[in-house]
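Q: My questions are about this predicted structure, shown below with the sequence.
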Amino acid sequence: MTDTFGRSAQLLAGHMARLLGWRPDEFWRATPAELAAVLGPPDPTARPLDRATFDQLMERDND
């Protein structure tokens with residue numbers, strides 16, 4: 001691990017704690033895709049999740 005990576009990770013972990021209330025273990029368990037989804041700009045073409053799709057997801061992933 002380089003000093004640059006370590007310092008950057010420390011700063012990002014601090015931002016996630018302040019902005020989202022993430023604890024250190026939540027930050028370190030997050031994938032890069034999850035971090036990008038949380039920190040990236042919203043997708044202007046995205047539609048809100050409708051009830052039917054939500055029900056399908058709940059049924060499919062009910063564990």
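A: The structure has been received and is ready for your questions. Numbers count the residues shown, from 1 in each chain.
Q: residue boundaries of the helices in this structure?
A: Taking DSSP state H as the criterion, the chain contains helices spanning 3-20, 24-29, 32-39, 51-60.
Q: Output these in TSV; the columns should cover mean pLDDT.
A: Shown next, in TSV, are those (pLDDT from 0 to 100):
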stretch	mean pLDDT
helix 3-20	88
helix 24-29	92
helix 32-39	87
helix 51-60	90
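Q: Adding distance to residue 45, write those helices out as TSV.
A: Any C-beta I mention is one placed from the backbone N, CA and C, and that applies to glycine too. Putting these into TSV (distance: least, CB to CB, whole Å) gives the following:
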stretch	distance to residue 45
helix 3-20	24
helix 24-29	29
helix 32-39	15
helix 51-60	16
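Q: mind listing what residue 43 touches?
A: Taking CB atoms under 8 Å, 6 or more residues apart in numbering, we find residue 43 in contact with no residue.
Q: centre of the chain versus stretch 33-51, how much separation?
A: Distance of stretch 33-51 from the chain centroid (CA atoms, centre = their mean, to the nearest Å) equals 10 Å.
Q: oh sorry, the question was meant for stretch 3-18
A: A distance of 15 Å separates the centroid of the chain from that of stretch 3-18, by CA atoms, centre = their mean.
Q: list the buried ones in it?
A: Buried residues in stretch 3-18, counted by 16 or more other CB atoms under 10 Å: 13, 16.
Q: quick one: contacts of it?
A: Applying CB under 8 Å, 6+ apart, the external contacts of stretch 3-18 come out as 22-24, 26-28, 30, 35, 38.
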